[in-house]
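Engineer: Fold the following.
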Amino acid sequence: MLDERLVTLLIKLAVAASLASILVRFNTFKRMLLREERTLRQRVQLALLFASIFGTGVATRVVTGVYPSVDLGLEASLLSGILGGYVTGLLSGILISIPAMKGGEYLSMALFAGVGVLGGVLRDLAPETEEIWRFSPFLDLRRKGKPGRRAFHVCFLLTILFAEFLRWSSLRVFGPQFIFAAYPPTISGPLAIMAIYGSTLFATTLPLKIWNNTRNEDKIESQQRHLQEARLAALTSQINPHFLFNTLNSVSSLVRTNPEMARGMIYKLSSILRRLLRNTDNLTPLREELQFIDDYMGIEMVRFGDKLRFVKEVDAGTLDHLVPSMLLQPIVENCVKHGLSSKVDGGMIRIRSRLVDGRLHLSVEDDGVGISEAKLATLFEQGIGISNVNERLKVLFGDDYRMWIDSKPGQGTQTEIEIPETRAVLAAVS
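Structural biologist: As a prediction, this is how the structure comes out:
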């Protein structure tokens with residue numbers, strides 16, 4: 001008989017761990033559970049979520065008369081109070097106990113609601129929210145730390161054991177017809193008592209540990225995401241002044257020789273600056289990126305006159321796809337500055353875009369002086385333009401991109417970029 005009861009208690013632990021692992025896979029539950037601060041409405045929502053999940057386990061046991069291991073009403077009520085506070089614990093305890101009350105177990109509501117409030121008290125005693133997640137049933141009192149933290153962990157352990165004591169005492173005093181437990185009221189012996197209290201302790205802390213692992217993983221992902229965003233911001237802040245400085249040089253060269261033309265260039269430059277100040281996203285539709293290039297090339301073509309020609313061969317189906325902002329301008333600028341400026345008869349810059357097997361291909365080429373093999377080998381490590389573009393692509397797409405440069409001295413240079421296909425509409429929806 002004792003072995004059967006022990007098996008039931010072990011199954012209860014497996015149910016608690018399995019259920020916690022399954023629930024945390026749902027984003028709605030995860031967001032609601034791992035929120036540090038909650039409004040009253042959010043506390044009620046968390047209580048309803050706990051009640052719908054764990055109340056179903058109680059109802060299953062009451063209706064079928066079997067499967068005692070799926071009844072985690074006491075543990076869930078305590079957990080809801082610990083994670084959500086008084087309101088969540090009280091409401092969860094009341095709602096979870098309803099199936100048991102309908103089955104004639106009239107002490108369930110008072111017990112579960114009281115335990116839920118007890119969990120809220122424990123939450124208030126925590127020196128900080130993080131200590132709730134750090135709790136372990138294996139206390140290490142020798143571990144260095146503030147005395148208040150050690151005292152809280154001891155209090156946490158005693159609270160769980162006290163919750164089981166309330167159930168065990170109620171069962172012995174009033175009998176199994178008024179309160180349910182996965183063991184008979186006549187059970188005795190130190191091994192049996194340890195199994196009972198141990199199962200409640202671990203059935204409460206196992207979900208907490210599983211959810212804390214997910215919480216830590218989310219924190220690491222969030223930190224990595226913030227690090228990438230900061231890195232992208234630094235790269236963007238690096239490229240914008242570089243671009244502005246070179247463009248102002250182009251304008252200044254015409255201020256004395258051709259004021260009217262310089263005025264037109266300043267107008268185009270103001271249009272470029274407005275777009276730079278307005279756009280704070282890391283990704284932008286290719287359509288807007290090409291409009292930016294049109295304004296930039298308008299300035300350069302005024303400066304170089306008929307020596308500079310600009311051609312676009314753009315697939316209309318690619319215009320709504322997202323690309324890193326300021327992706328093409330540094331490449332086009334290199335074509336003008338290094339490829340064509342020293343060429344007596346000037347030349348042409350061509351931009352192409354197409355979709356191939358669900359990936360966006362971009363190409364910028366010129367028929368300028370080209371790049372020597374020695375310089376081409378170190379192009380990604382030198383200068384601001386090309387290295388910046390490559391670094392931003394690496395931050396945004398990891399290994400899921402390609403960028404390569406093909407150049408022949410005296411014939412020109414071609415820069416190719418291949419990135420995953422991403423539509424602006426789909427990105428907005430997600």
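
Engineer: Gln304: neighbour count?
Structural biologist: Actually, residue 304 is Phe rather than Gln. A total of 17 residues lie near Phe304 under the criterion other Cβ atoms under 10 Å. C-beta here means a position set from N, CA and C on the backbone, and glycine is covered the same way.

Engineer: For it, identify the helix or strand it belongs to.
Structural biologist: Using DSSP states H and E, Phe304 maps to helix 286-304.

Engineer: out of everything not next to it in sequence, what's closest to Ala76?
Structural biologist: Nearest residue to Ala76 in three dimensions, chain neighbours excluded: Phe54, at 3.6 Å (Cβ to Cβ, 6 or more residues apart in numbering).

Engineer: give me the number of residues near that neighbour?
Structural biologist: Neighbour count for Phe54, taken as other Cβ under 10 Å: 26.

Engineer: List the buried residues in the helix holding Phe304.
Structural biologist: Of the residues in helix 286-304, 286-290, 292-293, 295-304 count as buried by neighbour count, 16 or more other Cβ atoms under 10 Å.

Engineer: returning to what we had before: what does the model give the residue nearest to Ala76 for pLDDT?
Structural biologist: The model reports Phe54 with a pLDDT of 95.

Engineer: distance of it from Ser21?
Structural biologist: Computed as Cβ to Cβ, to the nearest Å, the Phe54 to Ser21 distance reads 15 Å.

Engineer: Could you do Ala203 as well?
Structural biologist: Ala203 is 14 Å from Ser21, by Cβ to Cβ.

Engineer: again, but for Asp367
Structural biologist: With distances taken as Cβ to Cβ, Asp367 is found 61 Å from Ser21.

Engineer: Who has more neighbours out of those two?
Structural biologist: A direct count of neighbours by other Cβ under 10 Å for Asp367 and Ser21 places Asp367 higher, at 20 against 15.

Engineer: Could you list the low-confidence segments of this protein?
Structural biologist: Scanning the chain for pLDDT under 70 picks out 1-3, 5, 140-146, 223-243, 246-247, 250, 276-281, 382-384, 423-430.

Engineer: Quickly find the element holding the residue nearest in space to the middle of it.
Structural biologist: Centroid check for the chain by Cα atoms, centre = their mean gives Ser222 as the closest residue, at 5.3 Å. Following DSSP H and E, one finds Ser222 within helix 190-252.

Engineer: which residues in the stretch 251-400 of the chain form helices?
Structural biologist: Using DSSP state H, counting those that start in this stretch, the helices of the stretch 251-400 of the chain run over residues 259-278, 286-304, 329-334, 373-377, 385-397.

Engineer: just checking, what packs against the third one?
Structural biologist: By that I understand helix 329-334. helix 190-252, helix 286-304, helix 385-397 (3 or more Cβ pairs under 8 Å, 6 or more residues apart in numbering; DSSP states H and E).

Engineer: okay, those in CSV with distance to Pro137 next?
Structural biologist: Formatted as CSV, the helices and strands packed on helix 329-334 follow (distance: least, Cβ to Cβ, whole Å):
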stretch, distance to Pro137
helix 190-252, 5
helix 286-304, 56
helix 385-397, 42
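
Engineer: Nearest to Tyr267, out of those helices?
Structural biologist: Nearest to Tyr267, of all these, is helix 286-304, at 9.6 Å by Cβ to Cβ.

Engineer: export the closest one as CSV, just CAs?
Structural biologist: Extracted in CSV, the C-alpha atoms of helix 286-304 (Å, rounded to 0.1, in the frame of the first residue of the first chain):
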residue,chain,number,x,y,z
LEU,A,286,14.2,48.9,-50.9
ARG,A,287,12.0,51.5,-52.5
GLU,A,288,13.0,54.2,-49.9
GLU,A,289,16.7,53.1,-50.1
LEU,A,290,16.6,53.7,-53.9
GLN,A,291,14.9,57.1,-53.5
PHE,A,292,17.8,58.0,-51.1
ILE,A,293,20.3,56.9,-53.8
ASP,A,294,18.4,59.0,-56.4
ASP,A,295,18.9,62.2,-54.3
TYR,A,296,22.5,61.3,-53.6
MET,A,297,23.3,60.6,-57.2
GLY,A,298,21.5,63.8,-58.2
ILE,A,299,24.1,65.7,-56.2
GLU,A,300,27.0,63.8,-57.6
MET,A,301,25.7,64.1,-61.2
VAL,A,302,25.5,67.9,-60.8
ARG,A,303,29.1,67.8,-59.6
PHE,A,304,30.5,65.6,-62.4
